[in-house]
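Asks: 3D, please:
(2 chains)
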There are 2 protein chains.
Amino acid sequence: MNFEDKLIMMPGPVPVAPRILRAMSKPMINHRGDEFAEIYDDCCNILKDVFNTQNDISVISGSGSAGMEAAIGCTTNNNDNVITIENGKFGERFKLIADRYGNALPVESEWGEPIDLDKVENLLAEGANSVAMVHNETSAGVLNPAKEVGKLAKKYDALFIMDGITSIGGDEVKVDDWGVDIAIAGSQKCIGAPPGMSMVSISDRAYEAMENVDNKPYYLDLEAYKESLDKDKTQTPYTPAVPLFYGLQESLHIVNEEGIDNRINRHRTYSKAVRNAMDAIGLEMYPTLDENTQYSNTVSAMSAPEGVSGEDIKKDMLKRGIVIVGGQERLKDKIFRIGNMGNLTHRDILITIQELETILHKRGIISEVGAGINAANDILDSL
Amino acid sequence: MNFEDKLIMMPGPVPVAPRILRAMSKPMINHRGDEFAEIYDDCCNILKDVFNTQNDISVISGSGSAGMEAAIGCTTNNNDNVITIENGKFGERFKLIADRYGNALPVESEWGEPIDLDKVENLLAEGANSVAMVHNETSAGVLNPAKEVGKLAKKYDALFIMDGITSIGGDEVKVDDWGVDIAIAGSQKCIGAPPGMSMVSISDRAYEAMENVDNKPYYLDLEAYKESLDKDKTQTPYTPAVPLFYGLQESLHIVNEEGIDNRINRHRTYSKAVRNAMDAIGLEMYPTLDENTQYSNTVSAMSAPEGVSGEDIKKDMLKRGIVIVGGQERLKDKIFRIGNMGNLTHRDILITIQELETILHKRGIISEVGAGINAANDILDSL
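Replies: As a prediction, this is how the structure comes out:
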């Protein structure tokens, strides 16, 4: 089996461009030396533009979940209350983490349904220390109202922790304007790098909160990261995954070359093309929208049509060499999802739609092939 | 500056062989699919041989410190006592971690001096829950008595947590015979892989202890790793650093091809060659030995000679393209260290000795060059 042949259209990991793969095969360096400091500085400078922030950025050698734990674990004492907004799998992860360090106050909606901002405000008014939200909830294909939650957090002087793992680098994120105290990005998502790293921005307010926390994690201690950032040579507190830094740096150079605004526009156009195609094919989007909640611009979640499960669609596509995903946990079988993150091309979007139409046609769900391709092209041609 | 030209002779990271670097540049795969499960299984099977264990092995996408925290954090409740054996920087790290999760009971020696086994036994007799020790303490160049500590831990029914980060894959480690409940290896050390991963073996006794611990870390929760190992497809609980797994797998294939016994013999021979050279040059080894404590077989720590600091020697060597290290923290300036970990050759050892002689000669510390090279060759020729 030759896995080099598959097209990955998942909500991360994403295909990694050859020049990024090659960057990872550079020889090792001493991570306490000047060369590493230059790479780390370069990454952080570009990431500040991508995050739209003046805050410190630390890069953790660990997945997005490590970044989520760093954010909660370093700012939450045993008796602190953390509002965890949950309308999908990753919102639930914030709850699991918050309960390890303090008390989670969940604000739950069904997966893919709008969050209850009034309930968030009530809990803030009662004195919660922080509010944690997933900006782009890939498990359900929705984009949650970060700006609005940021305003509420500010009003009640609570910290705002935002999982931007699958939005940062592919959709608009304004960390400073929105008042995000800790924002987390993932390497293997819109930034287009390999998996294994999370990038975290930390506000001064967040650092201040950390001073009073006495049960912080060790490997994920953001104060230790800050101390290493502030040395005469920029470092990490523990040994960094050097090849992943090489890959991240090259990925960020690609982001710079495309331009972050163009990149966001491309992601939005691709997801719109997918949605337009689904509409033309006769498939329904899974999420429920309201005035604050939008479809994700980096992953599309569709309800599986009558007579076929999301898993079936995923398996049919996999046989044809395209990796999409079904639903997770409670949405298993009910939905399927197509990611459009990172360094993809028009061709990647179009062949995915084409193959989807083909498999649905073979299963007798649609009578002919082509409507989706045309609808996708209508949008893509605008780019 | 072309960093591709430097020879890294550090106690990790180590030079990474070209075939391992190339392995990392394979395209990404879905880490929830069959291909990843095969890679992970393959790594764990080889690692069991390297660790000499039948225990589960979990691979963490994070540095050796992450593995140390996973071991302590998952087995230590707030009121639990952890004996932390300290005769160097990494032993002190165990204390810092243990104090975040429970209470550290330090058994301290000066860096590089033998540990007090009687004191360890007394604290075990008083009911400590676990004992944590660094097997190969790179900060001081000593090999601590793992077998003896394992016996004591067993006698008093305490867990034995061993940092084997810089011994496993390069020196003899017998996890099951020695009764090590959690052993930790690092990727960028004797195994010869890139930095960014730790590999952890976990005994049934350790898993049992975890059942009663209520403040475990999240990203480093070894029970979550076990659950993912036990799925129908071997997985990791959080997104793994896929390129590093590619690199680890290739590194372990190289370990297999050399044969672990040959590999250990090569490491021992290289360190002996370095020590013999130092003796011929007239430099003193830093550690103090006793009947239980030996020189490290993977890194040599030498006292800096009169009139020159360890940092000076490091800098002189760096100018000549060889990366060795000075001392850390309290040993800064007092010592310098030469690593001999991973996939090195005779030539790497010999050029390091040669350049060291040259710089000492230029500084007027030795009158002629060549004694070290000859002494190293006397040992290397035996291999």
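
Asks: what about the strands in the stretch 1-150 of chain A?
Replies: Assigned by DSSP state E, counting those that start in this stretch, the stretch 1-150 of chain A shows strands spanning A:7-8, A:56-61, A:81-86, A:103-108, A:130-134, A:136-137, A:142-143.

Asks: can you put the ones you listed in JSON lines and add mean pLDDT, distance to chain B and mean neighbour count?
Replies: C-beta here means a position set from N, CA and C on the backbone, and glycine is covered the same way. Output for the strands of the stretch 1-150 of chain A, formatted as JSON lines (pLDDT from 0 to 100; distance: least, C-beta to the nearest C-beta, whole Å; neighbours: other C-beta atoms under 10 Å in any protein chain shown):
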{"stretch": "strand A:7-8", "mean pLDDT": "96", "distance to chain B": "6", "mean neighbour count": "20"}
{"stretch": "strand A:56-61", "mean pLDDT": "98", "distance to chain B": "5", "mean neighbour count": "24"}
{"stretch": "strand A:81-86", "mean pLDDT": "98", "distance to chain B": "13", "mean neighbour count": "26"}
{"stretch": "strand A:103-108", "mean pLDDT": "98", "distance to chain B": "12", "mean neighbour count": "19"}
{"stretch": "strand A:130-134", "mean pLDDT": "98", "distance to chain B": "13", "mean neighbour count": "29"}
{"stretch": "strand A:136-137", "mean pLDDT": "98", "distance to chain B": "16", "mean neighbour count": "30"}
{"stretch": "strand A:142-143", "mean pLDDT": "98", "distance to chain B": "21", "mean neighbour count": "26"}
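
Asks: So which residues on the stretch 1-150 of chain A come close to chain B?
Replies: A:1, A:3-4, A:6, A:8, A:10, A:12-16, A:21-22, A:24-31, A:33, A:35, A:61-66, A:69, A:73, A:96-97, A:100 (C-beta under 8 Å from any C-beta of the partner chain).

Asks: redo that, cut-off 7 Å
Replies: Taking C-beta under 7 Å from any C-beta of the partner chain as the criterion, the stretch 1-150 of chain A approaches chain B at residues A:3-4, A:8, A:10, A:13, A:15-16, A:21-22, A:24-25, A:27-31, A:35, A:61-66, A:69, A:96-97, A:100.

Asks: Local confidence estimate at A:Asn2?
Replies: Listed pLDDT for A:Asn2 reads 55.

Asks: Would you agree A:Ile20 is in contact with A:Gly247?
Replies: Yes. With contact defined as C-beta atoms under 7 Å, A:Ile20 reaches A:Gly247; the gap is 5.1 Å.

Asks: ok, these two, which is more surrounded?
Replies: More neighbours surround A:Gly247 than the other of A:Ile20 and A:Gly247, with 34 against 27 (other C-beta atoms under 10 Å in any protein chain shown).

Asks: Identify the residues contacting the more buried one.
Replies: Residues near A:Gly247 by C-beta atoms under 7 Å, 6 or more residues apart in numbering or on different chains: A:20, A:23-24, A:193-194, B:243.

Asks: The helix or strand encompassing it: which residues count as buried?
Replies: Element membership of A:Gly247, judged by DSSP states H and E, is helix A:242-258. Across helix A:242-258, burial judged by 16 or more other C-beta atoms under 10 Å in any protein chain shown covers A:242-255.

Asks: number of nearby residues for the residue nearest to A:Gly12 when sequence neighbours are not counted?
Replies: Distance criterion C-beta to C-beta, 6 or more residues apart in numbering or on different chains; nearest residue to A:Gly12, sequence neighbours excluded, is A:Lys189 at 4.2 Å. A:Lys189: 30 surrounding residues under other C-beta under 10 Å.

Asks: Check A:Lys189 and give its pLDDT.
Replies: Per-residue pLDDT puts A:Lys189 at 98.

Asks: and it, that's in a helix?
Replies: No. Applying DSSP: H, G, I helix; E, B strand; the rest coil, one finds A:Lys189 to be coil, outside a helix.

Asks: Now do the contacts for it.
Replies: A:12, A:14, A:165-166, A:169, A:341-342.

Asks: picking up where we left off before, which among the residues of the stretch 1-150 of chain A next to chain B end up buried?
Replies: A:3, A:8, A:10, A:13, A:15-16, A:21-22, A:24-25, A:27-31, A:61-66, A:69, A:96-97, A:100.

Asks: where's the most centrally placed residue in chain A, which helix or strand?
Replies: In chain A, the residue lying closest to the centroid (C-alpha atoms, centre = their mean) is A:Thr166, at 1.4 Å. Using DSSP H and E, A:Thr166 is not contained in any helix or strand.

Asks: Would you confirm that it contacts A:Ser271?
Replies: No. If you go by C-beta under 7 Å, A:Thr166 and A:Ser271 don't touch, sitting 11.7 Å apart.

Asks: Mutual contacts of these two, please.
Replies: With C-beta under 7 Å, 6+ apart, A:Thr166 and A:Ser271 have common neighbours A:Thr298.

Asks: re earlier: adding distance to B:Glu306, write the strands of the stretch 1-150 of chain A out as a markdown table.
Replies: Below are these laid out as a markdown table (distance: least, C-beta to C-beta, whole Å):
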| stretch | distance to B:Glu306 |
| --- | --- |
| strand A:7-8 | 60 |
| strand A:56-61 | 40 |
| strand A:81-86 | 58 |
| strand A:103-108 | 60 |
| strand A:130-134 | 57 |
| strand A:136-137 | 62 |
| strand A:142-143 | 67 |
